[in-house]
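J.: Sequence plus predicted model, see below.
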Amino acid sequence: MSLRVGLLSVELFLPDAQSLKDKRMVVRAVKDRLKKFNVSVAEVEHQQLWQRAGLGIVSISNGHDLVDKSLDAVLEEIERVQPGVVTRAQREWLA
């Protein structure tokens, strides 16, 4: 069996955040919404900036197409829940 590991790096701009507490509330809400996709999510960049967040989202499956669909759905959900905050999204294949 061959596992496929996909990494989606997403950068968010949060113009309404006026403090780290505001930012973390938004990031937590996004992370909570993504639990249903069975992916791992971590804030990996810009932890000390109020209005920027960098998320790393990983999906693992035995098929390239399954990982691709999962990461597509994750990006769509972020855009649906927090419209207009995604400034960059990049996909990498780790295995």
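T.: Here it is on my side, so go on. No experiment lies behind these values; they were computed from the predicted model shown.
J.: use CA for all of it now, contacts and neighbours both
T.: OK.
J.: Report the contact partners of Arg33.
T.: Glu77 (Cα atoms under 8 Å, 6 or more residues apart in numbering).
J.: Now the longest helix anywhere in the chain: buried residues?
T.: The residue-count maximum for a helix in the chain (DSSP state H) belongs to helix 64-81. For helix 64-81, burial by neighbour count (16 or more other Cα atoms under 10 Å) applies to 64, 67-68, 70-71, 74-75, 77-78.
J.: Quick one: residues in contact with that helix.
T.: 4-6, 8, 30, 33-34, 37, 57, 59-61, 85-86.
J.: Would you convert those into a markdown table that also reports secondary structure and distance to Ala17?
T.: Below are these laid out as a markdown table (DSSP: H, G, I helix; E, B strand; the rest coil; distance: Cα to Cα, whole Å):
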| residue | secondary structure | distance to Ala17 |
| --- | --- | --- |
| Arg4 | strand | 36 |
| Val5 | strand | 32 |
| Gly6 | strand | 30 |
| Leu8 | strand | 23 |
| Val30 | helix | 14 |
| Arg33 | helix | 19 |
| Leu34 | helix | 21 |
| Phe37 | helix | 26 |
| Ile57 | strand | 22 |
| Ser59 | strand | 28 |
| Ile60 | strand | 32 |
| Ser61 | strand | 35 |
| Val85 | coil | 12 |
| Val86 | strand | 15 |
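J.: Partner strands of the following helix or strand past the longest helix of the chain and their direction?
T.: For helix 64-81, the succeeding helix or strand toward the C-terminus, using DSSP states H and E, is strand 86-93. Applying DSSP bridges, strand 86-93 is found paired with strand 4-13 (antiparallel).
J.: Which PyMOL command selects the buried ones in the contacts of helix 64-81?
T.: Restricted to buried positions by 16+ other Cα under 10 Å, the PyMOL selection for the contacts of helix 64-81 reads:
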select buried, resi 4+5+6+8+30+34+57+59+60+85+86
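J.: Just name the closest of the contacts of helix 64-81 to Gln18, please.
T.: Val85 (15.1 Å; Cα to Cα).
J.: I'd say that closest one and Ala17 touch.
T.: No: if you go by Cα atoms under 8 Å, Val85 and Ala17 don't touch, sitting 11.5 Å apart.
J.: measure Asp68 to Leu49 for me?
T.: Applying Cα to Cα, to the nearest Å, the value for Asp68 to Leu49 is 30 Å.
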